[in-house]
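# Mind looking at a prediction? Sequence and model below.
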Amino acid sequence: MCDVGPRDGFQFEDTFIPTDLKVDIISALADAGLPRIQVTSFVHPEWVPQMKDAKAVCERLPARDDVTYAGLVLNPKGLERAGAAGLSHVDLSIATHDQHSRDNANRTVEAAAAQAEEMVRRAHRQGLRVQMGFQTVFGYRAPGDTPLEQVVEMSRHFAQMDVASISLADSTGLANPRMIQKRVRAVQGGIGDTPLVLHLHDTRGLGLANVYAALQCGVDRFDTSLAGMGGCPFIEGATGNIATEDTAYLLEGLGVRTGVDRARVGAASRRIESFLGTQFPGKGHRLPPVSQPSGPSA
């Protein structure tokens, strides 16, 4: 599991979260056993003011051998900034639906992919590990309106560029379990042994059902967000990611070891809710603590 809350969740908030609090939350997630945390994004502060302290956040992170800190980069300048901030892992992300690419980045999918290719090469020259992410894989305006053949071909192409992993995002929350299985299996057939990650939003309440469907396909890496924070400022109606606590509860109930201390994540979730004066859609952090559920081995 990778907690993307410090990036995907925080970026959605208008109230600026102080750098020290961001670092405290990230540290709490690391202490809770999250093996990978997306700590920030290197975007222009004019577009996402919440991320204006990206470099300062990275510089204050505690050094740990058991946690991978990653940063989202969307253009060559962001890649340069991530390297200068001391990160060793970067997450690239581009659209797979042409209208979304035009709406979000003012360029075609083809142009975005060409830029991403050069960024992957540059990152490798800098010694950075790259996760290649694809947005709106399961639809932009309607379920499945992103061409599957395009998703498969893009995934195959970047896997051949020796990226560390491929990430498929349900950016608009349009996916359902049947679609998850069809598209995941198609991509798996094209990327060989390259690890596959799913980035799921719970916009229509199917997030955990989609996790279960993906497990049946052998997917064992998921992006989650403390308290279910998140969304995309550039997609109307986009809501939070699947909650870290709730996903861990599901997986543990299926006999899948996550290594995540749900109580510690819940404490971090309540702290950020208290600071922002709001309530996020995740459920586990507001419920009384219970022992880990038992279940058959997955």
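It's in.

# name the helices or strands packed onto the helix or strand of the chain with the lowest mean pLDDT?
Lowest by mean pLDDT, DSSP states H and E among the helices and strands of the chain is helix 98-105, with a mean of 85. Contact partners of helix 98-105 among helices and strands, from 3 or more CB pairs under 8 Å, 6 or more residues apart in numbering; DSSP states H and E: strand 89-95, helix 109-125. For every residue, glycine as well, the C-beta is placed using N, CA and C.

# could I get these as TSV with distance to Gly139?
Conversion of those to TSV gives the following (distance: least, CB to CB, whole Å):
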stretch	distance to Gly139
strand 89-95	12
helix 109-125	15
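
# Just the buried residues of the least confident helix or strand of the chain, please?
The neighbour-count check on helix 98-105 (16 or more other CB atoms under 10 Å) flags Asp98, His100, Ser101, Asn104, Ala105 as buried.

# The last one: what's it in contact with?
Ala105 sits next to Leu74, Ile94, Ala95, Ala112 when contact means CB atoms under 8 Å, 6 or more residues apart in numbering.

# The third one too?
With contact set as CB under 8 Å, 6+ apart, Ser101 has these partners: Ile94, Ala95, Arg107, Thr108, Val109, Ala111, Ala112.

# Enumerate every residue touching the fifth one.
In this case it means Val109. Contacts for Val109 (CB under 8 Å, 6+ apart) come out as Ile94, Ala95, Thr96, His97, Asp98, Ser101, Gln150, Met154.

# Now tabulate those residues in a markdown table and tack on distance to Ile37.
Converted to a markdown table, these look like this (distance: CB to CB, whole Å):
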| residue | distance to Ile37 |
| --- | --- |
| Ile94 | 22 |
| Ala95 | 24 |
| Thr96 | 25 |
| His97 | 28 |
| Asp98 | 32 |
| Ser101 | 27 |
| Gln150 | 30 |
| Met154 | 26 |
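
# Can you tell me which one of these carries the smallest pLDDT value?
By pLDDT, Ser101 ranks lowest within these, coming in at 86.

# Now do the contacts for the closest residue to that residue other than its chain neighbours.
Spatial nearest neighbour of Ser101, excluding adjacent residues (CB to CB, 6 or more residues apart in numbering): Ala95 at 3.7 Å. With contacts defined as CB under 8 Å, 6+ apart, Ala95 is in contact with Ser101, Asn104, Ala105, Val109, Ala112, Phe134, Gln135, Thr136, Tyr140.

# And the strands in the stretch 1-150 of the chain?
Assigned by DSSP state E, counting those that start in this stretch, the stretch 1-150 of the chain shows strands spanning 2-3, 36-42, 68-73, 89-95, 129-135.

# Same list as before, these that is, but in JSON lines and with distance to Arg185 included.
Converted to JSON lines, the strands of the stretch 1-150 of the chain look like this (distance: least, CB to CB, whole Å):
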{"stretch": "strand 2-3", "distance to Arg185": "22"}
{"stretch": "strand 36-42", "distance to Arg185": "24"}
{"stretch": "strand 68-73", "distance to Arg185": "26"}
{"stretch": "strand 89-95", "distance to Arg185": "22"}
{"stretch": "strand 129-135", "distance to Arg185": "16"}
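
# Let me know which of those is the nearest to Ile191.
Among the strands of the stretch 1-150 of the chain, strand 129-135 comes nearest to Ile191, with 9.9 Å by CB to CB.

# what pairs with the closest one, and is each one parallel or antiparallel?
Here strand 129-135 is paired, per DSSP bridges, with strand 89-95 (parallel), strand 165-170 (parallel).

# mind listing what's buried in it?
Arg129, Val130, Gln131, Met132, Gly133, Phe134, Gln135.

# Retrieve the pLDDT associated with the fifth one.
This means Gly133. If you check Gly133, the pLDDT there is 98.
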